[in-house]
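[1] What shape does this take:
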Amino acid sequence: MEMMRKVSKEQNEAVDTTNKSFGNIAEGIVAIVEKIKAVNDAVLAMQKSRDSVISAIENISSVSEETAASSQEVAATTEQQLREIDEMKVAAAQLDELVQELDKKLKKFRIK
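    Predicted coordinates:
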């Protein structure tokens, strides 16, 4: 009988030890699950940040393309204006020659 009590006591102690071990394992699992959730939240935040960065880069690229196109238009317009100014210089020079020729011809009709 004494032996049965001893065996029963040892079994109860083994069960208690096993219960404590399972409790520790359960606490460890809860801690791991919390850390996994934290990592998942961080990954989601990084994905949102990545999406924001990609969107900003796309906007910058679009603005850069528009700016480049506008710059090309301004350059083309400036070149056209320079050509027209050169044409105006030529026309002004021709007009000056005509005025001088007209002045020479008008001098013939002046009364002295």
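[2] what ranges do the helices span in this structure?
    2-107 (DSSP state H).
[3] any weak-confidence spans in it?
    Applying pLDDT under 70 to the chain flags the ranges 110-112.
[4] and with 80 instead?
    109-112 (pLDDT under 80).
[5] Count the neighbours of Gln80 for me.
    Residues near Gln80, counting by other C-beta atoms under 10 Å, number 10. The C-beta positions use only the backbone N, C-alpha and C, and glycine is treated the same way.
[6] ditto for the one 3 residues further on
    One way to gauge burial is a neighbour count; for Arg83, by other C-beta under 10 Å, it gives 10.
[7] Next: the one 4 residues further on.
    Using other C-beta under 10 Å, Glu87 has 10 other residues around it.
[8] going forward, begin numbering at 55 instead of 1
    Sure, I'll start numbering at 55, so the last one becomes Glu141.
[9] distance of it from Val153?
    18 Å (C-beta to C-beta, to the nearest Å).
[10] and if you look at Gln134?
    From Gln134 to Val153 the distance is 28 Å (C-beta to C-beta).
[11] State the distance from Ala145 to Ala80.
    Distance from Ala145 to Ala80, by C-beta to C-beta: 97 Å.
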